[in-house]
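[1] Please find the sequence and the predicted model below.
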Amino acid sequence: MSNHEPPQHLHLLESFEAGWDGLHLIYELEPADEIPETQFAQHLIIIALDDFRGSYTLNGRWQHIDYTKGDIGIFPASQPFPKAQVDREVPIIDLFVERATLTRAAHECVNTDQIELVPQLKLRDPLISHMGLALLAELEAAGADSRLYAESMATALCVHLLRRYSSRQQQLKDYTGGLPKYKLRQVVSYIHENLDQNLTLAELSAVVQMSPHYFASLFKQSTGLTPHQYVIKSRIEKAKQLLVRRDLTLVEICQEVGFESQSHFTRVFRKHTTTTPKVYRDRL
């Protein structure tokens, strides 16, 4: 390789300012260059968005792998990311999963001892690929309003990683029957009383003293919706009620129902009602 400064990794979008907890996303253009051996504090999942050749130094030798769009690599935090080369500029999604996030999901396993992810240089996993693209789309559309969605997806992603790519075959507990009615009333009441807040999955599950995965599974069984879907639906219904009042501006209504961006509020409202808040109000 030449002695010039390493080329810049152009980050097209990243989740850090959106306040995601336990999972971070970087959508970047990976330059054609050498990447030094690196020790990441988080588990790293790389999703290729185009074709390229990646080369890794393993046991003192270069190993060359041809990636196609949708291919995935999994690099556990317990092991250093090997020195690598990329043969061309390529768009990729990097998902950084905090160790604590995986550990919390591991509490749902029947056997929790010696849980460790197995490195995967290249594999096809449509579910992980779909999750990555869905997270990217949500971050791009919702910005800071994407937090609850990202946390819900992080929980589902960790459960999938433990089931498929753990050093030991993990059997996760199955939950059936939905939430007890009194717990459902508790969390639904909490949601409706705090729609103006940036609700999180950890916060909602703590209301009923359950783990996030346990809570999310039973909540969906009880309501037919994920926590994120239910919160969005509740925000739109409250927005409709507030639009009847002429003393509130659209900006004030946006804030009352927990959207940080008016453009995102308008986009979500249109998705659920096929019209904008302004047109909806004008028709009343």
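    Looks like it came in fine. Residues are numbered from 1 along each chain as shown.
[2] mind listing what E30 touches?
    By Cβ atoms under 8 Å, 6 or more residues apart in numbering, the contact set of E30 is H9, F52, V86, E89, V90, P91, I92. C-beta: built from backbone N, CA, C; applies to glycine.
[3] again, only this time at 10 Å
    The contact partners of E30, taken as Cβ atoms under 10 Å, 6 or more residues apart in numbering, are 7, 9-10, 46, 48-50, 52, 54, 84, 86, 88-92, 94.
[4] Also S129?
    By Cβ under 10 Å, 6+ apart, S129 lies in contact with I45, I47, A48, L49, K69, G70, D71, I72, I93.
[5] What helices and strands are in contact with the strand or helix carrying D94?
    Assigned by DSSP states H and E, D94 falls within strand 90-97. Judged by 3 or more Cβ pairs under 10 Å, 6 or more residues apart in numbering; DSSP states H and E, the packing partners of strand 90-97 are strand 10-14, strand 23-30, strand 43-48, strand 52-58, strand 72-75, helix 126-142, helix 147-165.
[6] Turn these into a markdown table, including mean pLDDT and distance to K181.
    Formatted as a markdown table, the helices and strands packed on strand 90-97 follow (pLDDT from 0 to 100; distance: least, Cβ to Cβ, whole Å):
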| stretch | mean pLDDT | distance to K181 |
| --- | --- | --- |
| strand 10-14 | 94 | 41 |
| strand 23-30 | 96 | 32 |
| strand 43-48 | 98 | 37 |
| strand 52-58 | 95 | 52 |
| strand 72-75 | 97 | 40 |
| helix 126-142 | 96 | 31 |
| helix 147-165 | 92 | 23 |
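[7] Pull the distance from stretch 91-103 to the chain's centre.
    On the basis of Cα atoms, centre = their mean, to the nearest Å, stretch 91-103 sits 9 Å off its chain's mean C-alpha point.
[8] need the contact list for the closest residue to L13 other than its chain neighbours.
    Closest residue in space to L13, ignoring its immediate chain neighbours: Y27 at 4.3 Å, by Cβ to Cβ, 6 or more residues apart in numbering. For Y27, the contact set (Cβ under 10 Å, 6+ apart) comprises 10-15, 47, 49, 91-94, 132, 135-136, 139-140.
[9] one more time with 6 Å
    Shown in contact with Y27 (Cβ atoms under 6 Å, 6 or more residues apart in numbering): L12, L13, I93, L136.
[10] Low-confidence stretches in the stretch 101-250 of the chain?
    Along the stretch 101-250 of the chain, the model assigns pLDDT under 70 to residues 108-114, 169-175.
[11] can we see that at 50?
    Counting by pLDDT under 50, the stretch 101-250 of the chain shows no low-confidence range.
[12] what about the helices in it?
    Secondary structure of the stretch 101-250 of the chain (DSSP state H, counting those that start in this stretch): helices at 126-142, 147-165, 181-193, 201-207, 212-223, 227-244, 250-256.
[13] leaving aside the residues next to it on the chain, what's closest to C158?
    With sequence-adjacent residues excluded and distances taken as Cβ to Cβ, 6+ apart, C158 is closest to A105, at 3.5 Å.
[14] That neighbour reaches H160, doesn't it?
    No - if you go by Cβ atoms under 6 Å, A105 and H160 don't touch, sitting 9.3 Å apart.
[15] Neighbour count for these two, which is higher?
    When A105 is set against H160 and neighbours are counted by other Cβ atoms under 10 Å, the residue ahead is A105, at 27 against 16.
[16] ok, the more buried one to F16 distance?
    Distance of A105 to F16, computed by Cβ to Cβ, to the nearest Å: 22 Å.
[17] Repeat that for R53.
    Computed as Cβ to Cβ, the R53 to F16 distance reads 30 Å.
[18] Which one of these two is surrounded by more residues?
    Between R53 and F16, counted using other Cβ under 10 Å, the more crowded position is R53 (14 against 11).
[19] In contact with the more buried one, which residues?
    D66, D87.
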